[in-house]
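[1] show me how the following folds:
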Amino acid sequence: LLQELETDFVQLTNKENEMIDPRTALEGKTIGFYFTSNSCMPCRDFVKKLEATWQACKSAKKGFEVVLVSQDYQKEAYDEYMSHSKFLSIPFEEKDLRKSFKERWQVKSWPWVVITDDKGKVLNPKGNKALLEGADQFPFSVPAVQNFADVAPLSLNKQVCFFAFIDEGKKAEPVKAELESMAKSNKDMVFAYYIEDAKDMPSSAKKIAMKMRAFAKAKPAVSALIIVDVIGRVKHVRYDLSAGSPTKFLQDYQSGSLAEKVGTGQIPAQPDPDDGKKYDYDLFVVGGGSGGLSCAKWAAEAGITVGCADFVRPSPQDTTWGLGGTCVNVGCIPKKLCHTGALLGESLHDAVKYGWKLDAKSLKHDWSTLISAVQEHIKSLNTGSEDDLKNKNVTYHNAFASFVDKHTVQLKYGWGEDAKVETKTARRFVIAVGGRPKYPEGPGLEEYAISSDDIFSLKKAPGKTLVVGASYVALECAGFLTGLGYDTTVMVRSILLRGFDQQMANKIGDYMEANGTKFLRGFVPTKCEKQPDGKLKVEYQPKAGGETETVVVDTLLLAIGRVPETKWLNLDKLGMKLDRSGKILTATNEQTSVPNIYAIGDVASEKLELTPVAIQAGRLLAQRLYSRSQTLMRYDLVPTTVFTPIEYGAIGLSEEDAIKTYGEDNIEVYHSTFRPLEMFVAQRMAEDCYVKLICNKARQETVVGFHILGPHAGEVTQGFSIAMRKGATKADFDMTVGIHPTMAEELTILDITKSSGADSKKAGC
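    Below is the predicted model of the structure:
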């Protein structure tokens with residue numbers, strides 16, 4: 001707690017308006033945070049008892065200090081109260097801190113006293129139920145096992161809490177006895193019990209219990225054990241309350257063997273206490289992509305010392321790039337620019353239909369002009385990122401980082417053996433190294449193929465191209481290559497866009513095939529040879545094995561997935577837990593199994609591999625660590641768009657996942673096949689554009705899946721994502737007035753359901 005105050009440069013004040021260093025005044029003491037107001041009449045009687053206790057403790061030389069947390073909104077009222085106060089106070093100017101303390105400890109009214117130790121551990125969770133009676137109550141310690149009604153607020157107090165929900169009173173005593181035994185050897189945890197049929201349970205406690213059960217998906221009125229982590233999130237639930245089961249549950253939790261039942265983490269969150277040592281940096285970020293830069297800059301805003309290391313391992317074709325990560329250099333940015341280039345070619349053909357006198361047949365595209373412009377823009381972003389770090393006082397190391405121990409990294413300034421090497425230490429680390437393209441096994445495939453690491457800086461036009469893969473990267477690249485006039489074939493092993501809605505994925509494939517992209521389905525490459533004329537002969541065969549066939553192309557582009565860049569970091573030295581693919585297992589708060597090290601972005605297991613997700617996760621992590629925030633990253637209802645020739649925007653569940661989650665009987669799908677107004681004149685997309693809302697009938701048709709296929713789908717999807725996060729229902733969409741004539745308007749007038757069997761095709765604009 002004192003570290004938190006120091007980090008934010010908070011000083012306490014006394015009635016003479018003198019500034020007092022909190023560490024000097026409070027270190028080693030029990031602290032009573034007294035919530036009150038100058039206008040509070042009951043506070044006037046209460047403060048006399050508090051002052052008596054405070055004075056008695058001082059006389060007995062017991063370390064008890066009171067800090068006033070004023071709830072006055074006017075400076076005059078605050079000053080008047082302080083003129084007769086005997087206590088130290090949080091300054092009036094620290095409005096955010098006073099509000100933060102009130103929310104953290106769930107202060108409902110005043111007078112209210114929250115008593116903590118100097119680390120911030122609450123010692124009297126009862127709030128204002130039991131008034132202080134004197135120094136004999138000191139140090140206000142609480143029972144090893146408490147009633148849930150008293151301890152529930154502690155789930156937000158950065159402590160691990162173990163709750164036993166008991167379905168009948170007669171089971172309470174043996175469970176309580178076991179919890180007390182556990183508490184003796186787990187003093188940093190809070191243990192509590194809740195009896196379902198207790199008659200004297202306050203309604204507020206019942207509400208909290210119901211919410212906790214709902215979040216943990218624990219059945220009501222059934223015995224359960226629930227663990228809440230240090231950030232107040234239910235992590236694990238178990239139903240067995242037989243003798244020894246609570247002890248076994250705790251052991252499983254502490255061993256890290258439990259898979260998280262709710263939330264977005266795979267391992268428990270752990271305390272990350274300050275060890276009081278001095279390091280080169282307060283925070284060091286390994287990786288200079290979107291997530292890492294976001295985290296570094298937001299952390300620096302809080303006034304701490306921040307370092308960031310980034311170094312690009314050359315691709316097999318020896319391609320490297322500058323600061324900014326995949327998105328800026330070889331991902332979203334160049335991809336969208338190339339996609340736009342292809343769309344402009346289509347628009348020129350459309351323009352003829354609108355009366356422009358162009359010879360569409362003679363239009364030619366120059367690859368080098370496009371790539372030069374793309375690279376020029378990327379380099380400006382690289383420079384901007386470096387300048388931004390400098391302006392935010394983040395120290396940038398253009399070096400390859402690997403761990404020596406949990407507080408030390410080795411920095412190598414180059415890829416050669418003679419590169420300069422040094423070490424840096426930090427209190428905390430954030431790993432944000434992302435991933436790189438995967439290469440299949442087979443002679444010549446890695447040697448002669450290119451990947452998304454290389455395509456956007458390719459100096460020579462790609463010519464006839466074979467794209468291997470069915471990911472969004474594969475389809476996006478194949479789409480713009482076809483649009484730019486290159487003979488392009490996509491080799492697909494199984495299905496398109498695994499993880500996305502398959503109806504939408506197949507519609508994308510149909511559209512691309514109808515517009516010039518070829519598909520080889522059910523095949524995998526096995527070998528690549530370079531011919532004397534520079535062309536590539538690629539051998540391939542059915543995925544299940546069989547007769548080999550060949551194709552000769554100018555360029556072989558591999559896009560079969562990505563692998564995390566963790567194997568270079570020496571994480572095995574730290575004992576850090578990884579999943580089978582090498583991604584880092586994290587808790588709900590992005591913490592790894594090494595408590596002072598966090599992981600965000602594509603390198604974290606089971607997280608969406610999207611730039612805005614990494615940026616948001618980095619910002620929220622920095623704010624939780626250094627700006628008192630408790631807001632966690634939500635990985636559900638994230639909008640995304642696949643920039644294929646016909647764009648695909650999605651939010652929430654695919655139709656397959658919605659049925660799996662809620663049951664087919666509870667799902668209704670509203671859909672429409674339509675043609676955008678501008679395409680009537682262009683004479684394109686007659687039956688290609690499509691939209692559907694997937695609704696949960698059991699919850700008033702809450703929209704759980706949003707899918708749209710058509711021009712500018714990304715722009716449409718972004719706006720509707722806000723409504724989805726707010727729990728929009730189909731009725732909310734129906735009550736929204738559309739903008740006519742637009743593609744987005746279709747979402748406000750959907751009236752055909754899949755279950756009706758009616759044709760989804762719309763007549764007219």
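
[2] report the secondary structure state of residue 661.
    helix (DSSP: H, G, I helix; E, B strand; the rest coil).

[3] residues contacting the residue nearest to it when sequence neighbours are not counted?
    Distances taken as CB to CB, 6 or more residues apart in numbering place residue 653 nearest to residue 661, at 6.5 Å, with adjacent residues excluded. Where you see a C-beta, it was placed from the backbone N, CA and C, and this is true even at glycine. By CB atoms under 8 Å, 6 or more residues apart in numbering, the contact set of residue 653 is 661, 694, 704-705.

[4] do a quick rundown of the helices in the stretch 401-550 of the chain.
    Remark: helices assigned in the stretch 401-550 of the chain by DSSP state H, counting those that start in this stretch are 445-448, 452-455, 472-483, 502-514.

[5] can you list the ones you listed in a markdown table and add mean neighbour count?
    Rendered in a markdown table, the data for these read as follows (neighbours: other CB atoms under 10 Å):
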| stretch | mean neighbour count |
| --- | --- |
| helix 445-448 | 16 |
| helix 452-455 | 22 |
| helix 472-483 | 25 |
| helix 502-514 | 18 |
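
[6] closest one to residue 558 among those?
    Counting by CB to CB, residue 558 lies closest to helix 445-448 out of these; the figure is 7.1 Å.

[7] which residues of the protein score low on pLDDT?
    Along the chain, the parts satisfying pLDDT under 70 run over 7-8, 125-134, 139-142, 152-158, 231-232, 256-265, 764-765.

[8] ok, which stretches of the stretch 351-500 of the chain are strands?
    394-397, 400-405, 408-412, 421-431, 435-437, 465-468, 488-492 (DSSP state E, counting those that start in this stretch).

[9] quick one: closest of the ones you listed to residue 169.
    strand 421-431 (45.6 Å).

[10] may I see the buried residues of the closest one?
    Residues 424-431 are the ones in strand 421-431 that count as buried (16 or more other CB atoms under 10 Å).

[11] for residue 761, list each beta-bridge partner.
    Going by DSSP bridges, residue 761 is paired in beta bridges with residue 673.

[12] list the contacts for it?
    Taking CB under 8 Å, 6+ apart as the test, what residue 761 contacts is 673-674, 687.

[13] rerun that using 10 Å as the cut-off
    Neighbouring residues of residue 761 by CB atoms under 10 Å, 6 or more residues apart in numbering: 672-675, 686-687, 690, 752.

[14] residue 348 now?
    Here residue 348 is in contact with 356, 358, 360, 363 (CB under 10 Å, 6+ apart).

[15] could you rerun that using 6 Å?
    residue 363 (CB atoms under 6 Å, 6 or more residues apart in numbering).

[16] A helix includes it, no?
    Yes: according to three-state DSSP, residue 348 belongs to a helix.

[17] distance of it relative to residue 368?
    Applying CB to CB, to the nearest Å, the value for residue 348 to residue 368 is 19 Å.

[18] how about residue 523?
    Computed as CB to CB, the residue 523 to residue 368 distance reads 32 Å.

[19] what packs against the lengthiest helix in the chain?
    Counting residues, the longest helix found in the chain (DSSP state H) is helix 367-391. Packing partners of helix 367-391 (3 or more CB pairs under 6 Å, 6 or more residues apart in numbering; DSSP states H and E): helix 332-353.

[20] the helix it packs on to helix 472-483, inter-axis angle?
    Using axes from the mean of the first three to the mean of the last three CA atoms, to 10 degrees, the direction of helix 332-353 lies 40 degrees away from that of helix 472-483.

[21] buried residues of helix 332-353, list them for me.
    332-339, 341-343, 345, 350.

[22] please apply the same query to stretch 733-753.
    Buried-residue list, stretch 733-753, by 16+ other CB under 10 Å: 733, 736, 743-748, 750, 752-753.

[23] mind putting those residues in JSON lines, secondary structure included?
    As requested, those are arranged in JSON lines below (three-state DSSP):
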{"residue": "733", "secondary structure": "helix"}
{"residue": "736", "secondary structure": "coil"}
{"residue": "743", "secondary structure": "coil"}
{"residue": "744", "secondary structure": "helix"}
{"residue": "745", "secondary structure": "helix"}
{"residue": "746", "secondary structure": "helix"}
{"residue": "747", "secondary structure": "helix"}
{"residue": "748", "secondary structure": "helix"}
{"residue": "750", "secondary structure": "coil"}
{"residue": "752", "secondary structure": "coil"}
{"residue": "753", "secondary structure": "strand"}
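
[24] now those residues in JSON lines, with distance to residue 308?
    Below are the buried residues of stretch 733-753 laid out as JSON lines (distance: CB to CB, whole Å):
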{"residue": "733", "distance to residue 308": "43"}
{"residue": "736", "distance to residue 308": "43"}
{"residue": "743", "distance to residue 308": "41"}
{"residue": "744", "distance to residue 308": "39"}
{"residue": "745", "distance to residue 308": "45"}
{"residue": "746", "distance to residue 308": "44"}
{"residue": "747", "distance to residue 308": "41"}
{"residue": "748", "distance to residue 308": "45"}
{"residue": "750", "distance to residue 308": "47"}
{"residue": "752", "distance to residue 308": "52"}
{"residue": "753", "distance to residue 308": "51"}
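
[25] that older thread, which of the contacts of residue 653 sits closest to residue 483?
    After measuring the contacts of residue 653 against residue 483 - CB to CB - the closest member comes out as residue 705, at 28.7 Å.
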